[in-house]
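Colleague: Provided below for reference: sequence and predicted model.
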Amino acid sequence: MELLDKLRFFKRLMDDPELDRLYRQVKERQQTPEIIELENALIRWAGFFHQHSLERGMQAGMKVGKNPRVEPLVVFTGFEWIELGDNFVASGFSTVRAVDAPIKIGNQVSLGPGVAIIGANHGLAPGLPHQDQPQQSAPIEIGDDVWIGAGAIVLPGVRIGKGSIIAAASVVIENIPENVVAGGVPARVLRNR
């Protein structure tokens, strides 16, 4: 986002009377119950995102290649199961969630905003609530030079071939071959790249 766009965005926010009132209270250091609640929420959110950040993952031994570029508010869980290649890019609000199976992401892979790579599902056996069933994990492998568009979801057991593109808002439930453009719910090959 360029500076002018950012200024316009913040101008729209400040035109909201409720946000403007909160901003003035924060600026004047007024310790109203609303401000205290807001500060506490920000501290909790910051703590959550730090505990699931790329930095924390690297400290915990997550395998990360050279030159990762990860925007704020990207969440990693299951550090010991995740491997990121060189030049990995993840836009804000994306998540890479491994449970009991590896997620291997190749070199020069880009995740658009809000992408979810999910390595496990709840069990579906009848007679027992899904939350009480063990999670069912399966490996995910994403080849080199893959671009996954905004809001796409990649589910357990999937392999996305080298050089492929996944369209925004797609749901990938089965393997995608190399050098194709795939999209839809569920994602299907749309054309060669």
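Modeller: Perfect, I can see it now. Numbering: from 1, shown residues only.
Colleague: The spatially most central residue of the chain and Gln135, how far apart?
Modeller: Ranked by distance to the mean C-alpha position of the chain (CA atoms, centre = their mean), the top residue is Ser94 at 1.5 Å. Noted for Ser94: a distance of 20 Å to Gln135, by CB to CB, to the nearest Å. Backbone N, C-alpha and C define where each C-beta goes, glycine included.
Colleague: do Gly127 as well
Modeller: Remark: distance between Gly127 and Gln135 (CB to CB) = 18 Å.
Colleague: So which of those two has more stuff around it?
Modeller: Per other CB atoms under 10 Å, whichever of Gly127 and Gln135 has more neighbours is Gln135, with 14 against 4.
Colleague: mind listing what the closest residue to the more buried one other than its chain neighbours touches?
Modeller: Excluding the flanking residues, the one nearest Gln135 by CB to CB, 6 or more residues apart in numbering is Ala120, at 4.2 Å. Each residue near Ala120 by CB atoms under 8 Å, 6 or more residues apart in numbering is listed here: Arg97, Ala98, Val99, Asp100, Ala101, Gln135, Gln136, Ser137, Ala138, Pro156.
Colleague: Tell me the most packed of these, by neighbour count.
Modeller: Ala98 (25 neighbours).
Colleague: That one against Glu83, yeah?
Modeller: No: judged on CB atoms under 8 Å, Ala98 makes no contact with Glu83 at a distance of 9.5 Å.
Colleague: Residue for residue, what is the longest helix the chain has?
Modeller: Criterion DSSP state H: the longest helix present in the chain is helix 33-51.
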